[in-house]
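Enquirer: model this:
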Amino acid sequence: MSMTPDAKKLLATTIRALRVRLLADLAARTESKYQLALKAKDANLDEETACNRRRLEEHLDDEVRAQRGRDKPRDAADFRQEVEQTAAYTLLNRLVVLRIMEATGLRRQALVTHGWESPAYKTFRDLAPTLRDDESEGYELLLHLVFEELAGELPGLYGPAGPGGVADLIEVPASTLRHAIEALDQPGLVSCWTDDMTLGWVYQYWNDPEREALDAKIHGGGKVAPHEIASKTQMFTERYMVDWLLQNTLGPMWLAMCQRHGWTAEADAHGTLADLEARRVEWRARRDRGEVSLTEMMPLHSETERRWAYYVPQPIPEGAVRQAPESVRDLKILDPAVGSGHFLVAAFELLVALYREEARHRGEEGHEDWSDKAIVEHILSDNLYGIDLDPRAVQIAAAALWLKAQQTCPEAHPRELHLVASNLRLANLPKNDPALIELRREVERETGIPGALTDKVVAALAGAEHLGSLLQVDRAVEEALDKHEHQLTRATGRGGPGGGRLLSGFPQQQRALIGREEAKLSILEGLEGFLKKHTRGDDLGLRFRGEQLAAGVRFVRMVREGTYDLVMGNPPYQGTAKMQNLRYVQTRL
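Expert: Below is the predicted model of the structure:
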């Protein structure tokens, strides 16, 4: 069920109001709990609170130090506000996802629905009366037990919050928690909790004040700083736009795949495409005659029609047929500015239908390899990829995809989700960093490339925080190889740029030639080893089985050129004229 227009308006006002309340209350509680107005030695804190204060202050000091060399560095108060905001939006997202799970039947006993009057809390209250001695009467304890349980399925959302779990040091007052629960339990919001797009709207409504402040800054002659780009470009795309873009990219690819195998796509065989086109002609005529309003949508009569409603009939070139993937299972689809994941959620829906159709074409319907469980796990583990500047966005995108997967097949347990935030935290990395020294040594030993060129590759990666999927890692490596080959040519008269051969860095008497691709692979492997040490592996908790890959490793692998069959999404709209840092975009793209 889709949310009603009135529910959407109420959701907007509710989220904005909750943002104000959460940020104010969490800031006040942090100030009072840790006695931040006093020096640590004068604060008279108990041992646990004093330890947590040290952790918080060490994190803020690290963030301030990492800005060395920046023109306009941010101060500790700014970064503390950032931690408080992480705690606030993480709590909100956790409650919203739990509310959706309750509304869609994924949680049998409601807890957020009706809050302190919910069945889950009443049962807990009766069974554990001795645990009701806190400000929340035990509700907060029960909620955290549920969060810990869900962390096994969605560790990125319900696991440690913020880098190193620093946002978990921010305490939520019991009265604030009660207010948030009651705000989300308003009867007027009921239709929101069964709509696939709700998480995306929550994300936008939360971010709206920041974007509006940046609009005012730009209007006053200011420019968008690198750390502000994500906030400025976070605009949710209406579902009909998502469907139009998806149906006219993945749709033709599926039709080409069918032609390649000699299948007749069911949308053609059942007359869906022809019927939709005829009804569009009739609908436009009725609109021209004033019989229907300009904004009224043409009625759709089936799920199949909904999957093809925006498809524009077009000839499928022979070249597209020859290049079509062998199977829908082979498709790799990237949203390079994934936001809250609504493009990938819509793609997931369409892919499920296409998997089932392919199974019918192959005569394998009902086979274990084409079961709903296998389909859901394969789509999430192998078909869908997303990158964003903002870890909040990826947190929500992961939750949205997981919810959709669970609603399709609760027994499905994907290996991993290919989602990553590009905040690799490599800016202003000191030259004496042990992992960087090891990387220089390893790359020079394997390829002969000197440390200064390796540093340039790492410096390029530092731009990932504000460039995201625009960052051209392959190009940075290629340029390092070109420069090294040029230096070798001048020094020895052998080889040359593009010559395909490099001199390795072994001692003079053992020096051997290695191929350019081998050198490139060595650099990329060295980078991955370096990034494993410098970026957290559990930042978003997206690997469900086995060791979690570091965010930096996932990012480097996902921005490799030539990886994807389809790149789709709604690009973030931001003109370069209003950006502080233009050089990369102007010179590289």
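Enquirer: any idea how far Arg441 lies from Pro450?
Expert: 11 Å (C-beta to C-beta, to the nearest Å). The C-beta positions use only the backbone N, C-alpha and C, and glycine is treated the same way.
Enquirer: ok, Leu95 next?
Expert: Between Leu95 and Pro450 the computed distance is 53 Å (C-beta to C-beta).
Enquirer: these two: which is more packed in?
Expert: Remark: of Leu95 and Pro450, Leu95 carries more neighbours, 21 against 16, as counted by other C-beta atoms under 10 Å.
Enquirer: elements contacting the host helix or strand of the more buried one?
Expert: Using DSSP states H and E, Leu95 falls within helix 76-103. Other helices and strands packing on helix 76-103, by 3 or more C-beta pairs under 8 Å, 6 or more residues apart in numbering; DSSP states H and E, are helix 5-34, helix 47-65, helix 139-150, helix 155-158, helix 174-184, helix 198-219, helix 391-408.
Enquirer: so which of these comes closest to Arg279?
Expert: Relative to Arg279, the nearest member of those by C-beta to C-beta is helix 5-34, separated by 25.0 Å.
Enquirer: picking up where we left off before, now the helices and strands packed on helix 76-103 in TSV, with mean neighbour count and distance to Val242?
Expert: Compiled in TSV, the helices and strands packed on helix 76-103 are given as follows (neighbours: other C-beta atoms under 10 Å; distance: least, C-beta to C-beta, whole Å):
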stretch	mean neighbour count	distance to Val242
helix 5-34	17	16
helix 47-65	15	36
helix 139-150	17	27
helix 155-158	22	22
helix 174-184	18	25
helix 198-219	19	10
helix 391-408	23	12
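Enquirer: out of those helices, which comes closest to Glu357?
Expert: Using C-beta to C-beta, those put helix 391-408 closest to Glu357, at 15.4 Å.
Enquirer: hmm, back to that, could you tell me the angle between the helix holding Leu95 and helix 139-150?
Expert: 80 degrees (axes from the mean of the first three to the mean of the last three C-alpha atoms, to 10 degrees).
Enquirer: average model confidence for the helix or strand just after helix 76-103?
Expert: Proceeding C-terminally, helix 76-103 gives way to helix 119-127 as the next helix or strand, assigned by DSSP H and E. In this model, helix 119-127 has an average pLDDT of 89.
Enquirer: tilt between helix 119-127 and helix 139-150?
Expert: 120 degrees.
Enquirer: restrict helix 119-127 to CA atoms and write it as CSV.
Expert: Below are the C-alpha coordinates for helix 119-127, written out as CSV (Å, rounded to 0.1, in the frame of the first residue of the first chain):
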residue,chain,number,x,y,z
PRO,A,119,2.2,-6.3,23.2
ALA,A,120,5.9,-6.8,23.3
TYR,A,121,6.5,-4.3,26.1
LYS,A,122,3.5,-5.5,28.2
THR,A,123,4.8,-9.1,28.0
PHE,A,124,8.3,-7.9,29.0
ARG,A,125,6.9,-5.8,31.8
ASP,A,126,5.0,-8.7,33.3
LEU,A,127,7.8,-11.2,32.9
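Enquirer: and it, what does it pack onto?
Expert: If you count contacts as 3+ C-beta pairs under 8 Å, 6+ apart, helix 119-127 packs onto helix 139-150.
Enquirer: same question for the helix it packs on, mean pLDDT?
Expert: pLDDT averaged over helix 139-150 gives 92.
Enquirer: ok, Arg440 to Arg53 distance?
Expert: 37 Å.
Enquirer: ugh, typo on my part, it should be Glu238
Expert: As judged by C-beta to C-beta, Glu238 and Arg53 stand 45 Å apart.
Enquirer: now do the contacts for the nearest residue to Arg132 once chain neighbours are set aside.
Expert: The shortest distance from Arg132 to any non-neighbouring residue, by C-beta to C-beta, 6 or more residues apart in numbering, is to Gly138 (3.8 Å). Gly138 makes contact with 121, 124-125, 128, 131-132 under the criterion C-beta atoms under 8 Å, 6 or more residues apart in numbering.
Enquirer: mind putting these into a markdown table with distance to Pro252 and neighbour count?
Expert: Shown next, in a markdown table, are the contacts of Gly138 (distance: C-beta to C-beta, whole Å; neighbours: other C-beta atoms under 10 Å):
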| residue | distance to Pro252 | neighbour count |
| --- | --- | --- |
| Tyr121 | 51 | 22 |
| Phe124 | 53 | 21 |
| Arg125 | 57 | 16 |
| Ala128 | 58 | 12 |
| Leu131 | 58 | 13 |
| Arg132 | 60 | 14 |
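Enquirer: which one of these is nearest to Ala398?
Expert: The closest of the contacts of Gly138 to Ala398 turns out to be Tyr121 (C-beta to C-beta; 27.3 Å).
Enquirer: shaky segments in the protein?
Expert: 1, 66-71, 213-237, 422-431, 433-436, 438-439, 442-443, 445-449, 451-562, 570-589 (pLDDT under 70).
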